[in-house]
Every structure is written in structure tokens, then in C-alpha cells.
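Engineer: sequence? don't have it. structure:
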């Protein structure tokens, strides 16, 4: 890692935003990998505000942690029958919303992630949800029949609400990308996306990242995009899709902020794409040290082993499991745990035995290959531990 570009310091958030906006003059995308607590949300707001100051009007359609606050629930506590999601129609986020038939665009994404249906009531600016459920019925002879029934005006889970709002945002991005001169979203020159969905399991991280990259590449030459994330696998998929699949010019950075400081550093990583796997190793190391090891960490470890195996020309990731008591047992464990059906929005912490197994595989791998975690990542762990 000694050939990595040196980190570039920025003593204010405004200077960092200016750098990112300048980068977008030379490329289509800027990708930022940054841990939670770095200030990504503040960065997205300052990026948006910088566009207003420069152009005199908004130029950025953004998604961040506060986007969900543009919606709130009416739970109908009095009658318990008409629960619906209310849209904040005062936000510019929804300019032209009433004139646009969005259901089809939203549903094309939503059906990939959830089994709910919805209807937007534009006059009220509310959204009502429904779901098909299986109901068991028995006749007089005791024979069972399973029927599908529609349940209307349901309150969906927090996770389903999150994925719905994300799909709505994707539909708005699509409108901005495919706009004409009279479009309600022809003001959009830039898109800023910060951590689109939290607590993704690996399968959904791959799907969301792939769908997002496919959509945003359609805006090449019309809209510039910034994506920031702390999710290592999501970031890796976006990076690989843009570079290897679509071959779109982009700049890629590791963003760091020391705890208690308002200064930042950007470390360019385009020339060393394997750095992202080192960042994932750093995340796994942090999970082991904290004791908070979740089932999806097996997927991340297996991904790293497979990438390492491919790098060395092996045809099986088990070739990278070394110096452990029973390498065949460890291979079976990784195969089993990395193909589990993990909840997208409710990560499950491992039991103590599996934590020990995971730690032994991880430490044996590091002992063999001696990855050097850059100081910028090490310092982040020190900041977090304080």
C-alpha cells in the first residue's frame, strides 16, 4: 500500500465540497467511502446548498438520512382502519409530483425488494398500502383451503417504508434523467446519494447497487452524481459496476475525519481498487474487537477470500484458509453461514461459538497474507475506541 496517493487535507466542509464539485467537471461520478460519524450527511447538505449559492436555485436532487422525514404516518388511532403515509408537499423534492403518474416507475423497483402494493392519492398527498395474505379456511369436513385475500390500508414495517421511499427516489431520478425541456425535474444537474438504505444484507446490497448504477449511467452527459457510503460491499459493487461493466469515468476516495475535528482528508483509491477489500478487512477487524459480529459478516469474509483466491489463481476460496485445525470444517462453515437467509433490516448477532469460529478463520487469513491496513483506517479505529 506504499504506492497509494497521499491524503489531501481540507480544513473546512466548504472547501471539501468545492473540491468534489470541481471533480465533477472532469468526470461523471464521485464515489466516497466513509464510516458513519464522518459527516457524510452534513456533506450532502452543504453540497446542495453550494449549488443554490452558485446558481441562485437548487441544482441537486439528494437522498440522505433526512429524506425519510419528508413522510410521516397517520395511524388512525380513533378508527384503526385508514392508516396512510403523508407526504410533505411543501418540499421542492416533490415539485411536479401531482402531475406525474409515478406508480408504475416506483413499482418496477419495489417489486424487486418487497411484497407490498400501494396507491398514491395525489389530491390528499398521501400513500395507502395493501398486501395479499394467505388465509386458511376449513369446510365442514375439516378440509383446508388456502385463499389469497387483499388487506387494505395497512401500516407497513419500518424496513418496508425505507425501501419504498428509496424506490420513490429512484423513480424521481429516472424522471430527472429522462426529462425533456418541460419536465418538472429539468432543474436537476446533480444527484447526491448518501447511504441509500441502511442495514442491507449482502444480497440486497448487490441488487440495490446494481440497479442504481444501471439507472444513473443512463444520465451520463446530462447529470453528474456523488455517492457516499459506509457499506463496504455496496460501495464495492458500485465501484465495479461503473468501472468494469459500464466503464464510466469517475473518481473514487476514502473520506476521513478525525474525531472531534472539523477537518477532512480525501484519499484517492482509483489506482488501487483492492484498497476497498482492505477497508472491508478493517470493518471485520472492528467487529471482532467490539464483539458485535453479525451473521452477514460471514458473507463479507467469504467475498474477501474469493477475491484473494482469484488473485492468486486458485479455483476455490478454501485454498486461502490456512493454519487452522480442520480446514475442511472451516470451508464447510463458511459455505453454510455465507448462504443463510438473513433479514435485510434486522441483522442477527452470532452466537459465541460461531464468533470464535469466525475469529479463527479471520486471524488465520491475516496471518498468512499479512495485509497492511493503511494508517488512515487504523486511526479511524482509534478514534472510534476513544
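Structural biologist: Thanks, I have the structure now. All figures in this text were calculated on a predicted structure; none of them were measured in a lab.

Engineer: quick one: average pLDDT of stretch 168-181?
Structural biologist: Average pLDDT, stretch 168-181: 90.

Engineer: Listing request: residues of the stretch 101-250 of the chain with sub-threshold pLDDT.
Structural biologist: In the predicted model of the stretch 101-250 of the chain, residues 198-203 satisfy pLDDT under 70.

Engineer: The stretch 151-300 of the chain: helices as residue ranges?
Structural biologist: For the stretch 151-300 of the chain, the helices defined by DSSP state H, counting those that start in this stretch occupy 158-177, 202-217, 232-240, 275-290, 296-311.

Engineer: Save these as JSON lines, and put in distance to residue 125 and mean neighbour count too.
Structural biologist: Using the backbone N, CA and C atoms, a C-beta is placed for each residue, glycine as well. Output for the helices of the stretch 151-300 of the chain, formatted as JSON lines (distance: least, C-beta to C-beta, whole Å; neighbours: other C-beta atoms under 10 Å):
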{"stretch": "helix 158-177", "distance to residue 125": "13", "mean neighbour count": "21"}
{"stretch": "helix 202-217", "distance to residue 125": "25", "mean neighbour count": "19"}
{"stretch": "helix 232-240", "distance to residue 125": "31", "mean neighbour count": "22"}
{"stretch": "helix 275-290", "distance to residue 125": "40", "mean neighbour count": "18"}
{"stretch": "helix 296-311", "distance to residue 125": "37", "mean neighbour count": "20"}
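
Engineer: JSON lines please, covering these and showing distance to residue 143.
Structural biologist: Listed next are those as JSON lines, based on distance: least, C-beta to C-beta, whole Å:
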{"stretch": "helix 158-177", "distance to residue 143": "34"}
{"stretch": "helix 202-217", "distance to residue 143": "38"}
{"stretch": "helix 232-240", "distance to residue 143": "48"}
{"stretch": "helix 275-290", "distance to residue 143": "51"}
{"stretch": "helix 296-311", "distance to residue 143": "42"}
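
Engineer: The protein - how does it break down into domains?
Structural biologist: 8-59+189-273, 70-158, 276-385 (automatic domain parsing).

Engineer: Quick check: which of these is buried the most?
Structural biologist: Stretch with highest mean neighbour count among the domains of the chain: domain 8-59+189-273 (a mean of 18; mean count of other C-beta atoms under 10 Å).

Engineer: hang on, the earlier thing: which of the domains of the chain sits closest to residue 183?
Structural biologist: Among these, the nearest to residue 183 by C-beta to C-beta is domain 70-158 (7.6 Å).

Engineer: So what's the gap between that closest one and the chain middle?
Structural biologist: Computed by C-alpha atoms, centre = their mean, to the nearest Å, the chain-centroid distance of domain 70-158 equals 24 Å.

Engineer: do the same with stretch 355-372
Structural biologist: That offset, for stretch 355-372, works out to 26 Å (C-alpha atoms, centre = their mean).

Engineer: Residue 51 is in what secondary structure piece?
Structural biologist: Using DSSP states H and E, residue 51 falls within helix 40-55.

Engineer: which residues sit against the next helix or strand after that helix?
Structural biologist: Using DSSP H and E, the helix or strand that follows helix 40-55 in sequence is strand 60-63. Applying C-beta atoms under 8 Å, 6 or more residues apart in numbering, the external contacts of strand 60-63 come out as 44-45, 47-48, 51, 93, 166, 169, 172-173, 176, 185, 188-194, 196.

Engineer: Given the helix or strand that strand 60-63 is followed by, what are its sheet partners and their directions?
Structural biologist: Next helix or strand after strand 60-63 toward the C-terminus (DSSP H and E): strand 71-74. When sheet partners are counted by DSSP bridges, strand 71-74 sits next to strand 84-87 (antiparallel).

Engineer: thinking again about what came up before, want to throw the domains of the chain into a markdown table with distance to residue 181?
Structural biologist: Below are these laid out as a markdown table (distance: least, C-beta to C-beta, whole Å):
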| stretch | distance to residue 181 |
| --- | --- |
| domain 8-59+189-273 | 12 |
| domain 70-158 | 14 |
| domain 276-385 | 39 |
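
Engineer: Residue 180: which of the ones you listed is closest?
Structural biologist: Residue 180 sits nearest to domain 8-59+189-273 of all the domains of the chain, at 11.5 Å, using C-beta to C-beta.

Engineer: Okay, and residue 32 sits in which element?
Structural biologist: According to DSSP H and E, residue 32 maps onto strand 29-33.

Engineer: okay, the angle between that strand and helix 275-290?
Structural biologist: Relative orientation of strand 29-33 versus helix 275-290 (axes from the mean of the first three to the mean of the last three C-alpha atoms, to 10 degrees): 20 degrees.

Engineer: Quick one: work out the angle between strand 29-33 and helix 202-217.
Structural biologist: On the basis of the same axes, to 10 degrees, strand 29-33 is oriented at 150 degrees to helix 202-217.

Engineer: For strand 29-33, give me every contacting residue.
Structural biologist: When contacts are defined by C-beta under 8 Å, 6+ apart, strand 29-33 is touched by residues 20, 23-24, 40, 43, 216, 224-230, 232, 235, 238-239, 242, 248-255, 269, 276, 279.

Engineer: What mean pLDDT does it get?
Structural biologist: Rounded mean pLDDT across strand 29-33 is 94.

Engineer: what does stretch 57-68 give?
Structural biologist: In this model, stretch 57-68 carries a mean pLDDT of 91.

Engineer: Okay, buried residues for it please.
Structural biologist: The neighbour-count check on stretch 57-68 (16 or more other C-beta atoms under 10 Å) flags 58, 59, 60, 61, 62, 63, 64, 67 as buried.

Engineer: Identify the residues contacting the first one.
Structural biologist: This points to residue 58. When contacts are taken as C-beta under 8 Å, 6+ apart, residue 58 is in contact with 48, 51, 52, 92, 187.

Engineer: What's the separation between it and residue 226?
Structural biologist: According to C-beta to C-beta, to the nearest Å, residue 58 and residue 226 sit 15 Å apart.
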